[in-house]
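Visitor: here is my input, please return the structure:
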Amino acid sequence: MSNERRMSDAIRRRGLMLVLSSPSGAGKTTLSRMLLESDSGIVLSVSATTRAKRPNEVEARDYFFVTPDAFEHMVKAGEFLEHATVFDHRYGTPKKPVLDSIAAGRDVLFDIDWQGTQQLKEKAGEDLVSIFVLPPSHDELERRLKSRAQDSDEVVARRMAKAESEISHWAEYDYVIVNRDLEIALGEIKSILAAERLRRSRQIGLSEFVRNITS
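Guide: Next comes the predicted model:
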């Protein structure tokens, strides 16, 4: 192996936590799926939940299914990066699998809301990169919500009110993109990810590499 190759191999990258958040209907779930399909260097974070497993779900792929008592034990033991209660069920991100992935140089994708993102910020520090996805307009968001199901105007109005509340937290994120077109929005996410992967603080062994160049 050449000296140049050994020097290059000395630089390793620490992984990062990438958060995608958006109001319902803005395209976050579709963009997450597209990113995972097109980039083998990033994996989806798997949450633990107290809700029952659905017929098409697989343990450790879709969720870690645990009892309420086990979940509470994990909370008290500090085993979650973030956790919340949604519609009487509890959800949380186990800490160890995420930290193991980051240490190995793999990135972890989170599909969570602004509350979960705030909890992650407190524990992840510089490991966290957060992106908020906005719809192109109020009317387009309403159209998307109406097209998803045959819901009453009252239900759509409630969803719009919730979306507006979620959008109010846009300024808490590192990056904001407007999803006018899925392919363009995906390209913007990939550009952010590429730049963050090259951040100096994530390149392990870089100081030694530079010393070898200049010695």
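
Visitor: what about residue 177, how many residues close to it?
Guide: 23 (other CB atoms under 10 Å). Placement of C-beta: from N, CA and C, glycine included.

Visitor: enumerate every residue touching residue 190.
Guide: 35, 38-39 (CB atoms under 8 Å, 6 or more residues apart in numbering).

Visitor: just the mean pLDDT for the host helix or strand of it, thanks.
Guide: Element membership for residue 190, per DSSP states H and E: helix 182-197. Average pLDDT, helix 182-197: 97.

Visitor: next, the buried residues of that helix.
Guide: For helix 182-197, burial by neighbour count (16 or more other CB atoms under 10 Å) applies to 185-186, 188-189, 192-193, 196-197.

Visitor: got any ranges where this structure has weak pLDDT?
Guide: Along the chain, the parts satisfying pLDDT under 70 run over 1-9, 148-151.

Visitor: which stretches of the chain form strands?
Guide: Remark: strands assigned in the chain by DSSP state E are 12-13, 17-21, 42-44, 47-49, 63-65, 80-86, 89-94, 107-111, 128-134, 175-178, 203-204.

Visitor: mean neighbour count, these: which tops it?
Guide: Sort the strands of the chain by mean neighbour count, taking mean count of other CB atoms under 10 Å, and strand 17-21 sits at the top with a mean of 24.

Visitor: what is that one packed up against?
Guide: Contacts defined by 3 or more CB pairs under 8 Å, 6 or more residues apart in numbering; DSSP states H and E place strand 17-21 against helix 28-38, strand 107-111, helix 114-124, strand 128-134, helix 182-197.

Visitor: and if we set it to 6 Å?
Guide: For strand 17-21, the elements it packs on are strand 107-111, helix 114-124, strand 128-134, judged by 3 or more CB pairs under 6 Å, 6 or more residues apart in numbering; DSSP states H and E.

Visitor: would a markdown table of the strands of the chain with distance to residue 161 be doable?
Guide: Output for these, formatted as a markdown table (distance: least, CB to CB, whole Å):
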| stretch | distance to residue 161 |
| --- | --- |
| strand 12-13 | 42 |
| strand 17-21 | 18 |
| strand 42-44 | 29 |
| strand 47-49 | 26 |
| strand 63-65 | 28 |
| strand 80-86 | 17 |
| strand 89-94 | 22 |
| strand 107-111 | 22 |
| strand 128-134 | 17 |
| strand 175-178 | 21 |
| strand 203-204 | 44 |
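
Visitor: wait, which of those strands is closest to residue 56?
Guide: strand 63-65 (12.1 Å; CB to CB).

Visitor: packing partners of that closest one?
Guide: strand 47-49.

Visitor: in its sheet, what does the strand it packs on sit against?
Guide: Strand 47-49 pairs in its sheet with strand 63-65 (parallel), strand 89-94 (antiparallel), by DSSP bridges.

Visitor: residue 134 contacts residue 178, doesn't it?
Guide: Yes: between residue 134 and residue 178 there is a contact at 4.9 Å, judged by CB atoms under 6 Å.

Visitor: of all the strands of the chain, which lies closest to residue 160?
Guide: Counting by CB to CB, residue 160 lies closest to strand 128-134 out of the strands of the chain; the figure is 14.2 Å.

Visitor: count the neighbours of residue 212 for me.
Guide: Residue 212 has 13 nearby residues by other CB under 10 Å.
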